[in-house]
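Novice: The following block contains a protein sequence and its predicted model.
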Amino acid sequence: MTFKLMEARPLPSGVPGRVSLVGAASWLLETAGVVLMAALSLLVLANATGRYFLNHPLPWTEEAVSILLVWIAAVGVVLAAGRGALVGCEIVTSRLNARNARTLARAISFVSALLMLAVAWFSWRYMNVFGRDVTPMLDIPKSWISGGLLAAALGMAAAFLFRTVVPHEPVHIEDIAAEIAAHPAHEVKL
């Protein structure tokens, strides 16, 4: 399967010319992801340049990169959850009729939202206990790291709640077979 990460799935709003809240949130998350990836790339490049060419590495980049990786993962997983692009068990839903598949998808999304809210609760509690500890090099609170887990859990809970109200269309085996038959193997995009 291929996904176009820079394209949000359109909402069935039917109102042309208006920016949806989900579309704006998706754009903000995509922009944050790009900025975080750029910062990560620059830090890694600067550290490698300092280490191998100038014989003077930047000792604090390892902590900064760790923080950025957590937040990049948080942004990515929230985007994927909002777009219905997380790994799912479509083996079951593809065998159901459209109505039953949507009902099952809504139920799974609702339970997933509850689970993510539980993860958010435990992340919040963890931050209250250990969040004031500081990192050794940057001397910043470790809550900057664990905050990524909290943000991811809350973002995914919101995305799953949205998917409970507006489920994505289920994938059916017949549609996949027709797509494969219509295109050579290297062109199939689902």
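Specialist: Okay, I see it.

Novice: was I right about Gly148 contacting Val70?
Specialist: Yes: assessed by C-beta atoms under 8 Å, Gly148 is found in contact with Val70 at 3.7 Å. The way it works is simple: take the backbone N, C-alpha and C, and place the C-beta from them, glycine included.

Novice: Quick check: pLDDT value at Thr164.
Specialist: Per-residue pLDDT puts Thr164 at 90.

Novice: Can you list the buried residues in the host helix or strand of it?
Specialist: Assigned by DSSP states H and E, Thr164 belongs to helix 143-165. Using 16 or more other C-beta atoms under 10 Å as the test for burial, helix 143-165 gives 143-164.

Novice: tell me what it is packed against?
Specialist: In terms of contacts (3 or more C-beta pairs under 8 Å, 6 or more residues apart in numbering; DSSP states H and E), helix 143-165 is packed against helix 61-82, helix 98-130.

Novice: Grab the nearest non-local neighbour of the most centrally placed residue in the chain.
Specialist: The chain has Val77 as the residue nearest its centroid, 1.8 Å off, counting by C-alpha atoms, centre = their mean. Of all residues beyond its chain neighbours, the one nearest Val77 is Ala152 (5.4 Å), with distances taken as C-beta to C-beta, 6 or more residues apart in numbering.

Novice: Thought Leu79 was touching that neighbour, still the case?
Specialist: No: using C-beta under 8 Å, Ala152 is not in contact with Leu79, being 10.6 Å away.

Novice: for this structure, what are the low-confidence residue spans?
Specialist: Where the chain drops to pLDDT under 70, the residues are 1-19, 89, 168-180, 183-190.

Novice: quick revisit: can you say which of the helices and strands packed on helix 143-165 is nearest to Ser20?
Specialist: helix 61-82 (11.7 Å; C-beta to C-beta).

Novice: List the buried residues of that closest one.
Specialist: In helix 61-82, residues buried by neighbour count (16+ other C-beta under 10 Å) are 61, 63-64, 67-68, 70-72, 74-82.

Novice: what packs against that helix?
Specialist: helix 21-52, helix 143-165.

Novice: Name the surrounding residues that touch that helix.
Specialist: Surrounding helix 61-82, the residues in contact under the criterion C-beta atoms under 8 Å, 6 or more residues apart in numbering are 5, 8, 22, 25-26, 29-30, 32-33, 36-37, 39-40, 43-44, 46-47, 85-86, 135-138, 144-145, 148-149, 151-152, 155-156, 158-160, 162-163.

Novice: cutoff 7 Å now
Specialist: 26, 29-30, 32-33, 36-37, 39-40, 43-44, 46-47, 86, 135, 137-138, 144-145, 148, 151-152, 155-156, 159-160, 162 (C-beta atoms under 7 Å, 6 or more residues apart in numbering).

Novice: ditto for stretch 111-129
Specialist: Contacts for stretch 111-129 (C-beta under 7 Å, 6+ apart): 143, 146-147, 149-150, 153-154, 156-157, 160-161, 164.
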